[in-house]
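>>> Any chance you can model this:
(one chain, ligands or ions: 1)
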Amino acid sequence: MNIILLGPPGSGKGTQARSITEARGLVQLSTGDMLRAAKDAGTEVGLRAKDIMAKGKLVSDDIVNEIVAERIDAPDVRKGFILDGYPRTLGQAIALKTMLADRRRKLDAVIELRVEDDEELVRRVSGRYTCAKCGEGYHDTSKQPRKAGVCDKCGGTEFKRRADDSAEAMKTRLLAYYKETSPLIGYYTAMGNLFQVDGLADIKVIEKRIADVLAKLA
Ligand code: AMP
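Residues are numbered from 1 along each chain as shown. Have a look, this model is predicted:
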């Protein structure tokens with residue numbers, strides 16, 4: 001099964017992608033994670049993307065199309081993938097269509113996490129941080145570790161925040177979403193595989209709604 005999670009920054013794509021991978025054994029493909037890994041490793045792609053990402057702008061279609069094309073050929077992705085943060089432009093959506101057709105693979109569903117409340121998105125993003133060791137996600141107000149400064153999951157004591165989760169970069173990221181990414185809602189509706197889920201609902205409720213959508217497709 002091959003799925004896209006679509007939604008603005010802070011809509012919960014990463015959180016939901018992780019829970020679907022656990023439930024269904026699919027691989028989460030986050031272009032944001034891939035680009036951050038490239039940046040940390042100091043590769044050429046990482047160096048080219050670094051400043052663009054810090055400002056909250058979009059990296060060029062060519063770069064992201066190439067990293068996705070490479071990744072979906074890996075053996076662990078054979079069972080299926082959940083794309084989180086890709087495609088983000090019409091150009092990327094068209095490139096993905098060709099990529100899948102060339103590999104005789106199909107797209108099963110596009111799940112849009114709908115959050116029409118920019119203030120809530122900014123609140124979510126500006127308070128979030130992760131355990132530096134295992135990646136478990138936390139939030140300053142809505143999800144703190146049970147013991148202050150200690151990760152619930154792995155006991156790690158170091159945490160990190162994304163540079164582009166600042167209020168300033170978030171403005172640019174939201175603009176990029178409305179201008180470049182939101183036209184994909186119409187595109188995938190026309191293709192007949194868009195499913196909308198209320199991204200303001202409780203995390204467990206969203207998980208259940210997505211599971212219901214996927215169960216009907218299986
Ligand atoms: P994310 O982790 O999905 O929020 O992505 C973080 C940043 O990486 C974005 O703000 C962009 O700068 C870049 N990025 C991630 N995915 C894409 C994409 N599909 N197209 C262009 N830029 C991307």
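>>> who in the chain is up against the ligand?
Contact residues, the chain versus the ligand (Cβ under 6 Å from any ligand atom): 9, 31-32, 35, 52-53, 56-59, 64, 85-86, 88, 92, 164, 173. In short, each C-beta sits where N, CA and C put it, glycine included.
>>> Residue 53 belongs to a strand, doesn't it?
No - under the criterion used here (DSSP: H, G, I helix; E, B strand; the rest coil), residue 53 is helix, not part of a strand.
>>> hey, where'd the helices end up in the chain?
13-24, 31-41, 44-55, 61-72, 90-102, 118-126, 167-176, 183-191, 203-217 (DSSP state H).
>>> what pairs with the residue nearest to the spatial centre of the chain across the strands?
In the chain, the centroid-proximal residue (Cα atoms, centre = their mean) is residue 84; its distance is 3.0 Å. Per DSSP bridges, the residues bridged to residue 84 are residue 5, residue 30.
>>> wait, isn't it in contact with residue 26?
No - counting by Cβ atoms under 8 Å, residue 84 does not reach residue 26; the two are 11.0 Å apart.
>>> so the worst-scoring helix or strand of the chain on mean pLDDT versus helix 203-217, what angle?
The least trusted helix or strand in the chain, going by mean pLDDT, DSSP states H and E, turns out to be helix 13-24, with a mean of 90. Put simply, helix 13-24 runs at 50 degrees to helix 203-217, going by axes from the mean of the first three to the mean of the last three Cα atoms, to 10 degrees.
>>> Could you list every helix and strand that helix 13-24 packs against?
strand 2-6, strand 27-30, strand 81-84, strand 109-114, helix 203-217 (3 or more Cβ pairs under 8 Å, 6 or more residues apart in numbering; DSSP states H and E).
>>> would a markdown table of these with mean pLDDT be doable?
Converted to a markdown table, the helices and strands packed on helix 13-24 look like this (pLDDT from 0 to 100):
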| stretch | mean pLDDT |
| --- | --- |
| strand 2-6 | 97 |
| strand 27-30 | 96 |
| strand 81-84 | 96 |
| strand 109-114 | 98 |
| helix 203-217 | 94 |
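>>> ok and the residue in the protein nearest the ligand?
When distances are taken as Cβ to the nearest ligand atom, the chain reaches nearest to the ligand at residue 32, 1.9 Å away.
>>> what's that residue in contact with, if anything?
53, 84-85 (Cβ atoms under 8 Å, 6 or more residues apart in numbering).
>>> related to what we said a few turns ago, same list (the helices and strands packed on helix 13-24) but as CSV, adding distance to residue 194.
Output for the helices and strands packed on helix 13-24, formatted as CSV (distance: least, Cβ to Cβ, whole Å):
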stretch, distance to residue 194
strand 2-6, 8
strand 27-30, 19
strand 81-84, 14
strand 109-114, 5
helix 203-217, 10
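>>> Those: which one's closest to residue 196?
Proximity to residue 196 (Cβ to Cβ) singles out strand 109-114 among those, at 4.8 Å.
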